[in-house]
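**Q** sequence-free structure coming up:
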(Lines give C-alpha, C1' and ligand atoms only; values in the text may rest on other atoms or scores of the structure.)
Protein backbone atom coordinates (compact mmCIF):
# COMPACT_ATOMS: atom_id res chain seq x y z
CA UNK A 1 0.00 0.00 0.00
CA UNK A 2 1.34 3.42 -0.87
CA UNK A 3 -0.01 6.25 1.28
CA UNK A 4 1.37 9.13 3.21
CA UNK A 5 0.37 11.48 5.94
CA UNK A 6 2.34 14.68 6.31
CA UNK A 7 2.15 17.08 9.21
CA UNK A 8 4.21 19.87 10.65
CA UNK A 9 5.66 19.53 14.14
CA UNK A 10 5.74 22.85 15.97
CA UNK A 11 7.65 21.29 18.87
CA UNK A 12 10.58 20.16 16.72
CA UNK A 13 10.15 22.50 13.73
CA UNK A 14 10.19 19.56 11.37
CA UNK A 15 7.93 17.87 8.85
CA UNK A 16 6.74 14.43 9.91
CA UNK A 17 6.01 11.87 7.23
CA UNK A 18 4.02 8.86 8.29
CA UNK A 19 5.12 6.08 6.04
CA UNK A 20 3.21 3.30 4.40
CA UNK A 21 4.37 -0.31 4.22
CA UNK A 22 7.75 -1.51 5.15
CA UNK A 23 9.51 -2.61 2.02
CA UNK A 24 11.64 -5.67 1.47
CA UNK A 25 13.94 -3.87 -0.95
CA UNK A 26 16.04 -0.90 0.15
CA UNK A 27 15.75 0.58 -3.37
CA UNK A 28 11.98 0.72 -2.91
CA UNK A 29 12.41 2.45 0.45
CA UNK A 30 14.73 5.01 -1.16
CA UNK A 31 12.24 5.56 -3.99
CA UNK A 32 9.46 6.20 -1.44
CA UNK A 33 11.66 8.68 0.44
CA UNK A 34 12.42 10.49 -2.82
CA UNK A 35 8.71 10.51 -3.69
CA UNK A 36 7.94 12.20 -0.37
CA UNK A 37 10.62 14.82 -1.02
CA UNK A 38 9.11 15.53 -4.42
CA UNK A 39 5.61 15.78 -2.93
CA UNK A 40 6.92 18.41 -0.53
CA UNK A 41 8.45 20.29 -3.48
CA UNK A 42 5.04 20.22 -5.17
CA UNK A 43 3.28 21.49 -2.05
CA UNK A 44 5.76 24.39 -1.81
CA UNK A 45 5.60 25.22 -5.52
CA UNK A 46 1.83 24.87 -5.93
CA UNK A 47 0.32 25.93 -2.61
CA UNK A 48 -2.93 27.22 -4.08
CA UNK A 49 -3.44 24.04 -6.07
CA UNK A 50 -2.30 21.62 -3.41
CA UNK A 51 -2.41 22.70 0.19
CA UNK A 52 -5.58 24.75 0.42
CA UNK A 53 -7.71 22.21 -1.41
CA UNK A 54 -6.32 19.43 0.80
CA UNK A 55 -7.21 21.35 3.96
CA UNK A 56 -10.69 22.21 2.70
CA UNK A 57 -11.41 18.56 1.92
CA UNK A 58 -10.48 16.91 5.22
CA UNK A 59 -13.41 14.50 5.00
CA UNK A 60 -12.35 13.32 1.55
CA UNK A 61 -8.74 12.93 2.68
CA UNK A 62 -9.85 10.85 5.68
CA UNK A 63 -12.05 8.73 3.41
CA UNK A 64 -9.13 8.19 1.05
CA UNK A 65 -6.86 7.11 3.92
CA UNK A 66 -9.48 4.65 5.16
CA UNK A 67 -10.01 3.24 1.65
CA UNK A 68 -6.27 2.83 1.09
CA UNK A 69 -5.87 1.09 4.42
CA UNK A 70 -8.78 -1.22 3.71
CA UNK A 71 -8.29 -2.02 0.03
CA UNK A 72 -4.69 -1.10 -0.81
CA UNK A 73 -4.03 -0.31 -4.46
CA UNK A 74 -7.54 -1.48 -5.36
CA UNK A 75 -9.13 1.30 -3.29
CA UNK A 76 -11.36 3.84 -4.99
CA UNK A 77 -9.75 7.22 -4.37
CA UNK A 78 -11.10 10.74 -4.82
CA UNK A 79 -8.70 13.28 -6.29
CA UNK A 80 -9.20 16.33 -4.05
CA UNK A 81 -8.17 18.75 -6.80
CA UNK A 82 -10.44 17.43 -9.55
CA UNK A 83 -13.09 15.47 -7.55
CA UNK A 84 -12.43 12.63 -9.98
CA UNK A 85 -12.84 9.16 -8.52
CA UNK A 86 -10.27 6.60 -9.59
CA UNK A 87 -8.42 3.50 -8.55
CA UNK A 88 -5.61 4.27 -6.07
CA UNK A 89 -2.97 2.83 -8.40
CA UNK A 90 -4.18 5.17 -11.17
CA UNK A 91 -4.19 8.10 -8.74
CA UNK A 92 -0.60 7.43 -7.70
CA UNK A 93 0.46 7.09 -11.35
CA UNK A 94 -1.19 10.46 -12.10
CA UNK A 95 0.57 12.02 -9.11
CA UNK A 96 3.92 10.59 -10.20
CA UNK A 97 3.50 11.88 -13.76
CA UNK A 98 2.55 15.34 -12.50
CA UNK A 99 5.62 15.45 -10.26
CA UNK A 100 8.25 14.15 -12.68
CA UNK A 101 9.43 17.71 -13.50
CA UNK A 102 10.10 18.33 -9.79
CA UNK A 103 11.90 15.01 -9.51
CA UNK A 104 14.06 15.88 -12.51
CA UNK A 105 15.11 19.14 -10.81
CA UNK A 106 16.64 17.19 -7.92
CA UNK A 107 17.84 14.20 -9.93
CA UNK A 108 15.19 11.79 -8.62
CA UNK A 109 13.13 11.01 -11.73
CA UNK A 110 14.36 7.39 -11.68
CA UNK A 111 12.94 7.00 -8.18
CA UNK A 112 9.52 8.16 -9.31
CA UNK A 113 9.65 5.76 -12.24
CA UNK A 114 10.46 3.02 -9.71
CA UNK A 115 7.24 3.92 -7.88
CA UNK A 116 5.36 3.25 -11.12
CA UNK A 117 7.16 -0.08 -11.47
CA UNK A 118 6.27 -1.01 -7.89
CA UNK A 119 2.62 -0.39 -8.67
CA UNK A 120 2.39 -1.79 -12.19
CA UNK A 121 4.56 -4.90 -12.00
CA UNK A 122 5.30 -5.93 -8.47
CA UNK A 123 2.37 -4.82 -6.42
CA UNK A 124 3.50 -3.87 -2.96
CA UNK A 125 5.25 -5.85 -0.28
CA UNK A 126 2.03 -6.14 1.74
CA UNK A 127 0.16 -7.42 -1.31
CA UNK A 128 2.90 -9.93 -2.03
CA UNK A 129 2.98 -11.01 1.62
CA UNK A 130 -0.80 -11.57 1.70
CA UNK A 131 -0.61 -13.57 -1.54
CA UNK A 132 2.18 -15.74 -0.08
CA UNK A 133 0.10 -16.40 3.04
CA UNK A 134 -2.92 -17.35 0.95
CA UNK A 135 -0.91 -19.84 -1.14
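**A** Yes, it's here. These numbers come from a predicted model, not from an experiment.
**Q** from here on, contacts and neighbour counts on C-alpha atoms
**A** Fine.
**Q** identify the residues contacting the host helix or strand of residue 104?
**A** Per DSSP states H and E, residue 104 falls inside helix 88-105. Outside of helix 88-105, the residues within contact range by C-alpha atoms under 8 Å, 6 or more residues apart in numbering are 38-39, 41-42, 68, 72-77, 79, 109, 112-113, 115-116, 119.
**Q** could you redo the last one with a cut-off of 6 Å?
**A** Contacting residues not belonging to helix 88-105 are listed as 38, 73, 75, 76, 77, 109 [C-alpha atoms under 6 Å, 6 or more residues apart in numbering].
**Q** how much space between the fourth one and residue 121?
**A** Separation of residue 76 from residue 121 (C-alpha to C-alpha, to the nearest Å): 19 Å.
**Q** which of those two has more neighbours?
**A** residue 76 (19 against 8; other C-alpha atoms under 10 Å).
**Q** so where's this structure uncertain?
**A** Low-confidence segments of the chain, defined by pLDDT under 70: 1-8, 17-22, 47-56, 122-133, 135.
**Q** again, only this time at 90
**A** Within the chain, the ranges that satisfy pLDDT under 90 run 1-30, 32-33, 36-37, 39-75, 77-84, 88-89, 91-92, 95, 118-135.
**Q** need the helices for this structure, in chain order.
**A** 26-45, 51-56, 58-71, 88-105, 109-117, 125-134 (DSSP state H).
**Q** and among these, the most buried is which?
**A** Highest mean neighbour count of these: helix 109-117, a mean of 19 (counted as mean count of other C-alpha atoms under 10 Å).
**Q** which strands and helices lie in contact with that one?
**A** For helix 109-117, there is no helix or strand it packs on, judged by 3 or more C-alpha pairs under 6 Å, 6 or more residues apart in numbering; DSSP states H and E.
**Q** chain center to that helix, what's the gap?
**A** In terms of C-alpha atoms, centre = their mean, to the nearest Å, the gap separating the centre of helix 109-117 from the centre of its chain is 12 Å.
**Q** contacting residues around that helix?
**A** Under C-alpha under 6 Å, 6+ apart, the answer for helix 109-117 is 31, 100, 103.
**Q** much appreciated, bye for now.
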